[in-house]
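Participant: Task: produce atomic coordinates for the following.
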Amino acid sequence: MYLTKCLNEQNWDLMRVHGTFTTVFKMCKDIATIPAVRDAVVNIFGQFMDIRLDNSDNRLIQALTERWWPTTHTFLFPCAEIEVTPLNFTMLTLLSIGRYPTHVPYDDTWSILSNARQLLPNIDSSHIKSGNVSITHLRSYLTVATDREDDITIAHAFILFMMGHLWSQTANDTVSLRYLVAVNYLDSAVQYDWGYAILAPLYHGLDTAVTTGGAITEFVQLLPYWFYEYCGVGHPIVKEEDLQLWRGYNVRVVPLPPGGGTRTRQRGSGPQTRGGGTSRSGRDTKDNSE
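Facilitator: The predicted model follows:
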């Protein structure tokens, strides 16, 4: 198979896979014990945070990237041309595309230090470079210690931290402060088209990696699971409840009505869905400097 041949090639020193979204899921699990943070994330992203990604098969990601064609946004193989469609993305991530008409906003005024401090109170000029904040600084807010930051501040920082791994990932581990406008009003954030905001940069990241030979960034950890659905190589993406079912925990058999078979159901609460937001009223920005 041609893909197997690609896996053995030696020209990937520069075209490396940068970062992993596993960090985001782990961090989310850690701070989900804070009700205000959990409610805000579930209200905005629904079941997306229930999916679990193992450590990425970086060699497969690199091999797929070499088959990426920027002009068509498809993977070209000798026998087929395959794309990651919006429906593919939604089925894998549980994030809809096009359901909500509002794109995730972007506002230059939030790159001003005094404005950024409204949502990230500990930020200073050493944490900012060219309007971007370091991922390391955002991580400093994500703690469940008794002396932690205000809970909604943690929610703001986590969602921006998540953006940095999903679609604004760069080789220097920063994310644009201009996206703070998207988390200023958490209730409004429910109406943004998050699926499109993640899928489009995935295309762009693959385009950039192919044309420049640089790092492979954005949400490329999705690609091995997408490839499994088409070719049966690897293993499928799963949600947290699926993992519990597979491991035999909290499973009972529920009889169906006459004429049906049986089905399994997880004990306890069902999958979390959108609903009921927890947020603080948004803060306005001023075009000032500090």
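Participant: which other helices and strands contact the longest helix seen in the chain?
Facilitator: Using DSSP state H to assign secondary structure, the helix with the most residues in the chain is helix 194-212. Contact here means 3 or more Cβ pairs under 8 Å, 6 or more residues apart in numbering; DSSP states H and E; on that basis helix 194-212 packs against helix 58-66, strand 68-69, helix 86-93, helix 151-166. Placement of C-beta: from N, CA and C, glycine included.
Participant: Neighbouring strands - and their directions - for the second one?
Facilitator: Applying DSSP bridges to the sheet, strand 68-69 is found paired with strand 74-76 (antiparallel).
Participant: ok, now how distant is the residue nearest the centre of the chain from L199?
Facilitator: Residue closest to the average C-alpha location in the chain (Cα atoms, centre = their mean): L166, at 4.1 Å. With the distance defined as Cβ to Cβ, to the nearest Å, L166 ends up 10 Å from L199.
Participant: tell me what the next helix or strand after the longest helix of the chain is packed against?
Facilitator: Read in the C-terminal direction, the helix or strand following helix 194-212 is helix 223-231, with elements assigned using DSSP states H and E. Applying 3+ Cβ pairs under 8 Å, 6+ apart, one finds that helix 223-231 contacts helix 58-66, helix 86-93.
Participant: Sort out which residues of helix 223-231 are buried, please.
Facilitator: Going by neighbour count (16 or more other Cβ atoms under 10 Å), the buried part of helix 223-231 is L223, P224, Y225, W226, F227, Y228.
Participant: now the angle from it to helix 58-66?
Facilitator: For helix 223-231 against helix 58-66, the angle by axes from the mean of the first three to the mean of the last three Cα atoms, to 10 degrees is 70 degrees.
Participant: Output helix 223-231 in CSV with nothing but the alpha carbons.
Facilitator: Extracted in CSV, the C-alpha atoms of helix 223-231 (Å, rounded to 0.1, in the frame of the first residue of the first chain):
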residue,chain,number,x,y,z
LEU,A,223,-6.9,12.4,11.4
PRO,A,224,-6.0,8.8,12.6
TYR,A,225,-9.6,8.3,13.8
TRP,A,226,-11.0,9.7,10.6
PHE,A,227,-8.7,7.4,8.6
TYR,A,228,-10.0,4.4,10.6
GLU,A,229,-13.6,5.1,9.5
TYR,A,230,-12.5,4.9,5.9
CYS,A,231,-9.8,2.2,5.9
